[in-house]
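**Q** Need coordinates for the following:
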Amino acid sequence: MLKTILYTSLLVILVGCASKPPPRHQDNLCRLFDEEKSWYKKARRSARRWKIEIPVLMAFTHQESSFRSKARPPRKKILWIIPGPRPASAFGFAQATDDTWKMYKRSTGNRGADRDDFQDAMDFIGWYNDLSHRTNGIKKTDTYNLYLAYHEGHGGFKRRTYRNKQWLKNVARKVSARADMYASQLATCEDKLDRGFLRSILRF
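**A** Modelled structure (predicted):
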């Protein structure tokens, strides 16, 4: 009997700790929002607050975590075999580091924010890109340079630390292209998503 109780308790803990699998339809924003019903409303809230378009927010999230709530950077290998330390403290949908997340919480007053919460991650990406705009004068529609600043930090962007990182510039172009693709897709379904959101409000 005791063994059964212990086994059941352990199973409950493991299920509680397991992260939800990411959405399957990551290359089609309309289908992604159809799969994750609450995400459109959460992305729209951040977009309106920080004036960063939904496709940009979602393209950043795709690049950083592939929409995995508990994503972390892969561990370095010791002697090519043994798992070593992780290269950074980045975690969650937005891959925010410990220090930057603390700065976000202080700046916004969102003290209870969690990096594995989609709403908080959307707000973080919006906040960071708004800061990139105010700190480095990057246009909020310039996804390419916004991503470079997101990766290198505001000081690094100002010093152009990305200049000799061709791989990073390639990634920034990929993020920009995905944001454009998402924007084209969203244009075909945003009215429907807005109507669905309005109906959910009118039920109460």
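**Q** Run through who's touching the helix ranked longest in the chain.
**A** In the chain, with assignment by DSSP state H, the single longest helix is helix 166-186. Residues outside helix 166-186 that contact it (C-beta atoms under 8 Å, 6 or more residues apart in numbering) are 27-30, 53-56, 58-60, 62-63, 143-145, 147-148, 151-152, 162. C-beta: built from backbone N, CA, C; applies to glycine.
**Q** Sitting in helices, which of these do you find?
**A** In this view, the contacts of helix 166-186 that belong to helices under DSSP H are 29-30, 54-56, 58-60, 62-63, 143-145, 147-148, 151-152.
**Q** just the buried members of those residues?
**A** 29-30, 54-56, 58-60, 62-63, 143, 145, 147-148, 151-152 (16 or more other C-beta atoms under 10 Å).
**Q** of all those residues, which two lie farthest apart?
**A** Farthest-apart pair in these is 30 and 152; separation 32.0 Å (C-beta to C-beta).
**Q** what residues does stretch 56-65 touch?
**A** Under the contact criterion C-beta under 8 Å, 6+ apart, stretch 56-65 has outside partners 22, 26, 29, 32, 43, 46-47, 67, 71, 90, 92-95, 121-122, 125-126, 129, 140, 143, 146-147, 150, 171, 174-176, 178-179, 182.
**Q** one more time with 7 Å, if that's ok
**A** Stretch 56-65 is contacted from outside by 26, 29, 43, 46-47, 67, 71, 92-95, 121-122, 125-126, 143, 147, 150, 171, 175, 178-179, 182, using C-beta atoms under 7 Å, 6 or more residues apart in numbering.
**Q** Restrict that stretch to CA atoms and write it as PDB.
**A** The C-alpha coordinates for stretch 56-65 follow below in PDB (Å, rounded to 0.1, in the frame of the first residue of the first chain):
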ATOM      1  CA  VAL A  56       7.900  40.100 -34.900                       C
ATOM      2  CA  LEU A  57       7.200  38.800 -31.400                       C
ATOM      3  CA  MET A  58       6.400  35.300 -32.700                       C
ATOM      4  CA  ALA A  59       9.400  35.200 -35.000                       C
ATOM      5  CA  PHE A  60      11.700  36.000 -32.100                       C
ATOM      6  CA  THR A  61      10.100  33.300 -30.000                       C
ATOM      7  CA  HIS A  62      10.400  30.700 -32.800                       C
ATOM      8  CA  GLN A  63      14.100  31.500 -33.100                       C
ATOM      9  CA  GLU A  64      14.900  31.500 -29.400                       C
ATOM     10  CA  SER A  65      13.000  28.400 -28.300                       C
END
